[in-house]
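Asks: sequence plus predicted model, see below.
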Amino acid sequence: MRAESRSHLDAPLMVFLIMLCLSSLFILYSATGENDGAMLRQVIRILLSFAVLAVVAQISPQTWHRWSPWVYIIGSTLLVGVLILGIVGKGAQRWLDLGFFRFQPSELMKLWVPMMVAWVVSRRPLPLSIPMTCLVLIVVMLPVGLVLLQPDLGTAILIAVSGLVIVILAGLRWRYMLGALICVAVAAPYLWTYLHEYQQRRILTLIDPWSDPLGAGYHTIQSMIAIGSGGSRGKGWMAGSQSQLEFIPERSTDFIFSVFAEEFGLMGVGALLAIYMCIVFRALMIAYAAQDTWSRLLAGSLSLTFFFYVFVNIGMVSGMLPVVGVPLPLISYGGTSMVTLMFGFGILMSIHSHQSLMNH
């Protein structure tokens, strides 16, 4: 038996993830202004994340399948707890304080929702009937609604996508998707009135960021200047004027891609995107090789949702999408998001390695 099978870790995926995390440390050192404390915390988070990945990979997909309804119920209960007992920070109530650490239950739902949706879908003949599709939508929209109440539009969108991707992969008919898009378009003016004022400003700023260059448009304008000034080869590590002079806001978290693009240019961005695409491609290969419906749907959701995270962040910082507070996966400074992503990759590796063992 190969060492890879015994450890339940997928070697190609591990290599790409390590490359991405090393890139994170490299650019964070520049973005945080050589803050040794921040760097140490990020190193600890990376090590913790890989430890979580290794532990999760040891648990068989059958066990995760059985746990799916329970983790979904626990996660939804925690979201209700956030609304009642949550800690308020930056105008939002998103965290639970357990005394020894704080965490965002909404991050966990990025995993628990697709696990639950795959559990429901895999127990029914495909493609889904209209009543079953409606049931799945309720499963998805319940936690999405609770996250919107915090409010956290970015995370709510990511949770919704992680669940809806499974519905599409399960064979949702094109006419249903077209009908849903038409309904959303018709309801858009009505839904607009329910957005918070800052969310409305972000969407309007997407159309013309220069209408408020020192207010709502500031983030987008400074980010686009940084990306454009990087040129083809960049200004060099720790030599970006926009980042080093602190014109870029949230440069170590949501807008870290702007720092990377300014310092390493188009060539560096191309290399970074190549690593991301290798991760997505390998994850999709694992999904394609999965033998049972639950594993295939969940692996497909985790793969495509990871791609969506990258797409939204880069679109956000380059002025193509509204600013919704989505970090660049495994690059941005932060702990909960990184651990959650690695948890998902652990499940992917579990699906792949245990399947390989069964085939042998």
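Replies: That came through fine. Residues are numbered from 1 along each chain as shown.

Asks: what ranges do the helices span in the stretch 101-250 of the chain?
Replies: Using DSSP state H, counting those that start in this stretch, the helices found in the stretch 101-250 of the chain span residues 105-122, 130-148, 153-169, 174-192, 197-207, 218-229, 241-244.

Asks: indicate which one of those is closest to A31.
Replies: A31 lies closest, by Cβ to Cβ, to one member of the helices of the stretch 101-250 of the chain: helix 241-244, at 6.2 Å. The way it works is simple: take the backbone N, C-alpha and C, and place the C-beta from them, glycine included.

Asks: and the helix or strand following the closest one, which residues are buried?
Replies: In the C-terminal direction, the helix or strand that comes right after helix 241-244 (DSSP states H and E) is helix 256-289. Neighbour-count burial for helix 256-289, counted by 16 or more other Cβ atoms under 10 Å, picks out 256-265, 268-269, 272, 275-276, 278-280, 282-284, 286-287.

Asks: how near is A54 to G217?
Replies: 44 Å (Cβ to Cβ, to the nearest Å).

Asks: those two: who's more crowded?
Replies: Taking other Cβ atoms under 10 Å, A54 and G217 do not tie; G217 has more neighbours (21 against 16).

Asks: please work out which of the helices of the stretch 101-250 of the chain is packed deepest.
Replies: The highest average neighbour count among the helices of the stretch 101-250 of the chain, using mean count of other Cβ atoms under 10 Å, belongs to helix 105-122 at a mean of 25.

Asks: by contact count, what packs against that helix?
Replies: For helix 105-122, the elements it packs on are helix 61-85, helix 130-148, helix 153-169, helix 293-317, helix 336-359, judged by 3 or more Cβ pairs under 8 Å, 6 or more residues apart in numbering; DSSP states H and E.

Asks: got the angle for that helix vs helix 153-169?
Replies: 10 degrees (axes from the mean of the first three to the mean of the last three Cα atoms, to 10 degrees).

Asks: pLDDT of helix 105-122, averaged?
Replies: In this model, helix 105-122 has an average pLDDT of 91.

Asks: what of stretch 271-291?
Replies: For stretch 271-291, mean pLDDT rounds to 93.

Asks: try stretch 157-166
Replies: On average, the pLDDT along stretch 157-166 is 90.

Asks: who touches that stretch?
Replies: Residues from elsewhere that reach stretch 157-166 (Cβ atoms under 8 Å, 6 or more residues apart in numbering): 106, 109-111, 113-114, 116-118, 121, 136, 139-141, 143-144, 147, 297-298, 300-302, 304-305, 308-309, 312, 324, 326.

Asks: what does stretch 60-73 give?
Replies: So stretch 60-73 is contacted by 108, 111-113, 115-116, 118-119, 139, 292, 294-295, 347, 350-351, 354-355 (Cβ under 8 Å, 6+ apart).

Asks: shaky segments in this structure?
Replies: Judged by pLDDT under 70, the chain has its weakly predicted residues at 1-7, 33-36, 89-92, 99-101, 198-199, 214, 216, 355-360.

Asks: tell me the spacing between the closest residue to I59 other than its chain neighbours and S60.
Replies: Excluding the flanking residues, the one nearest I59 by Cβ to Cβ, 6 or more residues apart in numbering is S350, at 6.0 Å. Going from S350 to S60 by Cβ to Cβ gives 7 Å.

Asks: which of the two has more residues huddled nearby?
Replies: Here S350 and S60 are compared on neighbour count by other Cβ under 10 Å; more neighbours surround S350, at 26 against 17.

Asks: isn't that one right up against H8?
Replies: Yes. S350 is within contact range of H8, at 6.2 Å (criterion: Cβ atoms under 8 Å).

Asks: name the residues contacting each of those two.
Replies: In contact with both S350 and H8: 57-58, using Cβ under 8 Å, 6+ apart.

Asks: grab the most central residue of the chain for me.
Replies: Nearest to the mean C-alpha position of the chain, by Cα atoms, centre = their mean, lies Y309 at 4.4 Å.
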